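Engineer: Fold the following for me, if possible:
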Amino acid sequence: MNNIVIIGGATGIGLSLIRRLMNDPDYRITSIARETCDVEGVTNIVADVTDDKTIVRAIAESGKIDTLVYCAGISLAAPVEYAKKADIKNIFDVNIISAILCIKAALPALCESERPKIVLLSSSGSIAPIAYDSFYSATKAGLNALAMALRLECPKIKCSAVIVPGTQTLFSFRRKIYDDCGDYNDTLKSAAKALQNIEQSGYSVDYVSSQIINILEKRNPPPVCTVGCMNKVMLGLYKILPWRLKLYALEKIYRLK
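Structural biologist: Numbering: from 1, shown residues only. Prediction:
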């Protein structure tokens, strides 16, 4: 029996993962989220990932853990100059600090598992930064580094950051978008709209969750994995471009010029 705990399993990719895994009798699934997951047979623990004491309690209530999947995340479309400290702190709290706290709380249980795994949902923005979503991009890049560092500290636990491309979920419509930002207004709106289009014309949530499950089932997946053949090609090309061409490509993608 694989005891899997999914942080953020009430919506989006986390919910799709649960729906797929529930068809496999080898999995016992616990969802930890602000809202309950509506899939029958799932153990629901309601918790706020940004509340340290609550998340430690929720992880403890999960009992035996073989796999931890961190799906929680938020996005913020805002110029660095105008971004409020509270919003900056919130996105770092949800996207990376809470991931670290969940891992820290789960490590004792994971170390007792025969084949422990951690999966962190990263983003293409961790490699090719998203215009006006710099804080999101930074937190996702942090997850990539965290996964690699954990492989050094805890080699028994196979931790992987999964780079997810634009995906068709409601995440696109829940993004906080700043307004009244002076000279940034036009390019901010253009970039936010371009990003929404990329997401809503991207991969289906079921495809992405199926690829994550493939990674979960590997005995020793790489520390950083990329979902989607086209996504792999695009990010591979981006990595080898000179920095000036990188900037030019991103300006075109997000319609900054």
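Engineer: Return the distance of the nearest residue to residue 179 once chain neighbours are set aside relative to residue 178.
Structural biologist: Using C-beta to C-beta, 6 or more residues apart in numbering and skipping the chain neighbours, the partner closest in space to residue 179 is residue 185 (7.1 Å). All C-beta atoms are positioned from the backbone trio N, CA, C, and that covers glycine. According to C-beta to C-beta, to the nearest Å, residue 185 stands 9 Å off from residue 178.
Engineer: Neighbour count: the two, which is higher?
Structural biologist: Set residue 185 next to residue 178 and count neighbours by other C-beta atoms under 10 Å: residue 178 wins out with 19 against 13.
Engineer: so what's that one up against?
Structural biologist: Applying C-beta atoms under 8 Å, 6 or more residues apart in numbering to residue 178 gives the contacts 77-79, 82-83, 188.
Engineer: again with residue 36
Structural biologist: Going by C-beta under 8 Å, 6+ apart, the list of residues near residue 36 reads 10, 44, 46.
Engineer: related to what we said a few turns ago, so which of the contacts of residue 178 is the closest to residue 204?
Structural biologist: Residue 204 lies nearest to residue 77 out of the contacts of residue 178, by C-beta to C-beta, at 23.5 Å.
Engineer: All the helices of the stretch 1-150 of the chain, residue numbers only.
Structural biologist: 12-21, 52-61, 85-92, 98-111, 134-153 (DSSP state H, counting those that start in this stretch).
Engineer: what sits up against the last one?
Structural biologist: Helix 134-153 is contacted by residues 73-76, 78, 80, 83, 88, 91-92, 95-96, 99-100, 103, 118, 120-123, 125-127, 129-130, 157-161, 163, 223-224 when judged by C-beta under 8 Å, 6+ apart.
Engineer: Derive a PyMOL selection command for the buried subset of those residues.
Structural biologist: In PyMOL syntax, the buried subset of those is picked out as below (16 or more other C-beta atoms under 10 Å):
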select buried, resi 73+74+75+76+78+83+88+91+92+95+96+99+103+118+120+121+122+123+125+126+127+129+130+157+158+159+160+161+163+223+224
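Engineer: between the helices of the stretch 1-150 of the chain, which one is nearest to residue 256?
Structural biologist: Comparing the helices of the stretch 1-150 of the chain by C-beta to C-beta, helix 134-153 comes nearest, at 13.2 Å.
Engineer: Taking helix 98-111 as reference, get the angle to the closest one.
Structural biologist: Relative orientation of helix 134-153 versus helix 98-111 (axes from the mean of the first three to the mean of the last three C-alpha atoms, to 10 degrees): 20 degrees.
Engineer: what element comes up after helix 134-153 heading to the C-terminus?
Structural biologist: strand 158-164 (DSSP states H and E).
Engineer: list the helices and strands that next one packs on?
Structural biologist: Where contact means 3 or more C-beta pairs under 8 Å, 6 or more residues apart in numbering; DSSP states H and E, strand 158-164 is packed against strand 117-123, helix 134-153, helix 205-216, strand 224-226.
Engineer: from the middle of its chain, how far away would that strand be?
Structural biologist: 9 Å (C-alpha atoms, centre = their mean, to the nearest Å).
Engineer: what comes into contact with that strand?
Structural biologist: 13, 103, 115-124, 126-127, 143-144, 146-148, 150-151, 208, 211-212, 215, 219-227, 231, 235.
Engineer: ranking the helices of the stretch 1-150 of the chain by burial, who's on top?
Structural biologist: helix 12-21 (a mean of 23; mean count of other C-beta atoms under 10 Å).
Engineer: got the angle between it and helix 205-216?
Structural biologist: 70 degrees.
Engineer: tell me the angle helix 12-21 makes with strand 117-123.
Structural biologist: With the same axes, to 10 degrees defining the directions, helix 12-21 sits at 140 degrees from strand 117-123.
Engineer: contacts for helix 12-21?
Structural biologist: 4, 6-9, 27, 29, 31, 33, 37, 39, 42, 69, 71-72, 121, 164, 167, 169-171, 205-206, 208-210, 212-213.
Engineer: Sounds good, over and out.
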